[in-house]
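K.L.:
Give me the fold of what follows.
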Amino acid sequence: MPRMHALELLPDDAGCDVVRRDWQALRDAGLPSQLDHRGTSNSPHVTVLAAPALDGDDEERAVDLVTPLLPAQVRASGIALLGGTRVSLVRVLDVPDPLVRVVLDLRSRVRDVQHVGWLPHITLARRLDRADVGRAVEVLGHEDVLLTLASLRLWDPDAGIVTTL
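P.N.:
Here you go, the predicted structure:
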């Protein structure tokens, strides 16, 4: 399977702090957490799209379409599970309609986009055993959280480089 290049939205510093508190709470409870991921690209983010390759036109289009809508306030309105036997635990985001529209437009123009549609979310943990889901939800609580998405970046896994656009 090819490594996926990605365009991602990043929360501002206050939003990153909120997400990192969730990551820390999971770790403190002895549960999997995104804090366990030591990769270059590991910071709180919302994946706009991932594909085996992106070209300069894709990046330019993303800047033209997405950055005029930033900063954008979003609401982390719920917790969801993605996956099979072991799951990813995520906070699902309510995103303003104009941003949803431009992301879907952008995704429709990129070849071989991973996954259909767009489910905006921030990952809190990967490879969580289903038996631990209840405990993880209790650790995280149930309150909605407001975040501000402030910037757009490109992840190039081949070069191991993250670039702010």
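
K.L.:
low-scoring stretches of this protein, by residue?
P.N.:
Across the chain, residues meeting the criterion (pLDDT under 70) sit at 1, 39-41.

K.L.:
In it, where's the longest helix?
P.N.:
Taking DSSP state H as the criterion, the chain has its longest helix at helix 13-28.

K.L.:
Can you name every helix or strand that the very next helix or strand once past that one contacts?
P.N.:
Next in sequence after helix 13-28, counting helices and strands by DSSP states H and E, comes strand 46-51. Under the contact criterion of 3 or more Cβ pairs under 8 Å, 6 or more residues apart in numbering; DSSP states H and E, strand 46-51 touches strand 5-11, helix 56-66, helix 97-108. No exception for glycine: its C-beta is placed from N, CA and C like everyone else's.

K.L.:
Tell me which residue is most central in this protein.
P.N.:
In the chain, the C-alpha nearest the mean C-alpha coordinate belongs to Val46, at 2.5 Å (Cα atoms, centre = their mean).

K.L.:
Quick check: beta-bridge partners of it?
P.N.:
Leu9 (DSSP bridges).

K.L.:
give me every residue that touches it.
P.N.:
Counting by Cβ atoms under 8 Å, 6 or more residues apart in numbering, Val46 touches Glu8, Leu9, Leu10, Pro11, Val74, Leu93, Pro120, His121, Ile122, Leu149.

K.L.:
Which single one of those is nearest to Thr163?
P.N.:
Glu8 (10.7 Å; Cβ to Cβ).

K.L.:
my read: that closest one touches Val48, true?
P.N.:
Yes - in this structure, Glu8 is within contact of Val48 by Cβ atoms under 8 Å, at 6.2 Å.

K.L.:
Overlap of the contact sets of those two?
P.N.:
Both Glu8 and Val48 are contacted by Leu152, under the criterion Cβ under 8 Å, 6+ apart.

K.L.:
before we move on, back to that, what are the buried residues along the longest helix of the chain?
P.N.:
Neighbour-count burial for helix 13-28, counted by 16 or more other Cβ atoms under 10 Å, picks out Gly15, Cys16, Val18, Val19, Asp22, Trp23, Ala25, Leu26, Arg27.
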